[in-house]
Structures are given as structure tokens and as C-alpha cells.
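Visitor: Predicted model and sequence below, questions to follow.
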Amino acid sequence: MRGLASHFVWTRRSKESLTLDLKHAQAAALLKRLIIEQADVPVQNLAPGAAARLGLSFEALSAAKPELIVCDISMLEALGEWMGIPLYDAFDDASPPPRSGASHATIHPCGPFPAGDGKTVMLGRQNEREWLAFCDKVLLQPALAQDARFTSNSRRSAQREALHALIVEAFATLTAAEPARLECSDAAVALAQEGAQVQWDTEPGTATELGGRTDGPAPGVDAGHHDLGATGKPRIDGYGK
């Protein structure tokens, strides 16, 4: 769309932008100043722990501006051991591109790929840094990142059939049970599973204890209770029936 990726346009409609290199020595201090002086509700979805390392945690910001509402986005906040895994989700209210199944319509590679053991791996590559790491550490083909057909997302999308074939070939010797190689590129990756294969890991005070009555603007509202039982695993319909 006029030189911009369509998903970029969809999610940034009516917004203003300012670019900061957060690794610059003065960038974090400048960003904190902007938040304290101009923001009411800062929202961030950096990798887990990144905001705190920049001095932009809730504790640091609220100490300087108590009325600030700080929103940190994490898809699996309650599942402790998964909190450090990069994940992506999107909600777009613009007209969608053509259907592409579980694959992203405008980003590639981003979707399901078969592993050598017959299982399916879900990949999410969102930027050039992740693409370079994917070629080097997962595909073990660093030169592929410099292939003229794949040097930008638009080119990779245009050549998705050729790239898909190369990835499938590289994955032919890889099993889904080898997470270390898949995860070493620091991008989103997961094993696709059927419902019966999903393992539910819970911790005290998190998913198993959600629900019940709560007080707020309307005291005593019943938030609903989902009986996960002694195993912490929901029953078929998710309502204990």
C-alpha cells in the first residue's frame, strides 16, 4: 500500500510515530521523559523483561508518575515457564487479504511447516533480524538470507512457494522434538497439536483459580468459575460438564 506493508497500515491507522533506537545511551531516558510528561497509558509488547532492563517497568514509571496506567502485553502471562517465549497475535479491523489458512497472508515464512517426523511446526518470523537468525541457526544456511529472492518480506512473500520448499527440505532432517534448534533464533515457534495432545501446565494462583465473585463498579459480580479439577486440566467443554 503505497510502499508500506498492509499489516503496518492496518494496525497504525490514526496514530503518530516516533522512532527511537533503544540501545542508544540516551534513548531510554528520553522515552521515559516522554511517557512521564505526555502519556496516560503506555503500552508495550517488548520481549519479556526488556522494558525493566530499560528502566521502564511499572515500578520505575509509577514511582515517577503514580497516576500512570502501565500495560505490558504478554500472551501467556499466567504460565510461568512460557513467559519468556516470543509470541505474536493480531486483531485487524480492516478488510482482510485473501485467505491463506494458518499461514500469514502477507508475512513469510509465518505459518505451519512439516518436520521430518511428520509433525507440524508453527513458525513466526516478523522482521529481518529474525529472518537472518532463522537462516543461520535453524535452517543452517546463512547464505540464504542474502539470496536476492528473499532479501525482504515482500520478496519472500512473492516467492513463498520456492521458500516453502526450501524450508521443508531443511526440516526433513529435523524432528519437532528438537526445540533447542527451533528456538535458538529467538522468534515465535510452537508445535501444532490436536486438542487431545495439549498439555495444560498450571501454577498456584493462576489459571486453576480463575473465576468466582469479584467486587468492582458492580459489587459481587459473578465472573464464572471454570472447574479444572485436581489435575488443572479443563474438561471437554471448558465448563466442567
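Guide: Okay, I see it.
Visitor: domain ranges for this protein?
Guide: 6-82, 110-196, 200-241 (automatic domain parsing).
Visitor: Quick one: closest of these to residue 99.
Guide: Closest of the domains of the chain to residue 99 is domain 110-196, at 12.3 Å (criterion: C-beta to C-beta). Any C-beta I mention is one placed from the backbone N, CA and C, and that applies to glycine too.
Visitor: on that earlier part again, quick one, which of the domains of the chain gets closest to residue 100.
Guide: domain 110-196 (7.5 Å).
Visitor: if we look at stretch 105-120, which residues are touching it?
Guide: 5-7, 96-104, 121-126, 134, 153, 156-157, 160, 163-164, 167-168, 171-177, 191-192 (C-beta atoms under 8 Å, 6 or more residues apart in numbering).
Visitor: swap that for stretch 174-189, sorry
Guide: Contacts for stretch 174-189 (C-beta under 8 Å, 6+ apart): 47, 85-88, 115-117, 119-126, 130, 133-134, 136-138, 191.
Visitor: Show me the helices in this protein, by range?
Guide: Ranges of helices in the chain, per DSSP state H, are 6-11, 27-38, 50-53, 58-64, 128-133, 153-158, 160-171, 179-183.
Visitor: Just put those in JSON lines and tack on distance to residue 143.
Guide: Below are the helices of the chain laid out as JSON lines (distance: least, C-beta to C-beta, whole Å):
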{"stretch": "helix 6-11", "distance to residue 143": "28"}
{"stretch": "helix 27-38", "distance to residue 143": "33"}
{"stretch": "helix 50-53", "distance to residue 143": "30"}
{"stretch": "helix 58-64", "distance to residue 143": "43"}
{"stretch": "helix 128-133", "distance to residue 143": "11"}
{"stretch": "helix 153-158", "distance to residue 143": "15"}
{"stretch": "helix 160-171", "distance to residue 143": "12"}
{"stretch": "helix 179-183", "distance to residue 143": "18"}
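Visitor: can you put those helices in JSON lines and add mean neighbour count and mean pLDDT?
Guide: Output for the helices of the chain, formatted as JSON lines (neighbours: other C-beta atoms under 10 Å; pLDDT from 0 to 100):
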{"stretch": "helix 6-11", "mean neighbour count": "15", "mean pLDDT": "72"}
{"stretch": "helix 27-38", "mean neighbour count": "14", "mean pLDDT": "92"}
{"stretch": "helix 50-53", "mean neighbour count": "15", "mean pLDDT": "88"}
{"stretch": "helix 58-64", "mean neighbour count": "13", "mean pLDDT": "93"}
{"stretch": "helix 128-133", "mean neighbour count": "16", "mean pLDDT": "90"}
{"stretch": "helix 153-158", "mean neighbour count": "17", "mean pLDDT": "92"}
{"stretch": "helix 160-171", "mean neighbour count": "16", "mean pLDDT": "94"}
{"stretch": "helix 179-183", "mean neighbour count": "14", "mean pLDDT": "71"}
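Visitor: between these, which gets nearest to residue 146?
Guide: helix 128-133 (9.3 Å).
Visitor: And the closest one, what does it pack against?
Guide: Here helix 128-133 touches helix 153-158, going by 3 or more C-beta pairs under 8 Å, 6 or more residues apart in numbering; DSSP states H and E.
Visitor: So which other helices or strands are in contact with the helix it packs on?
Guide: helix 128-133.
Visitor: Contacts for the helix it packs on, please.
Guide: Outside helix 128-133, the residues within contact range by C-beta under 8 Å, 6+ apart are 125, 142, 145, 150, 152-153, 156, 184-187.
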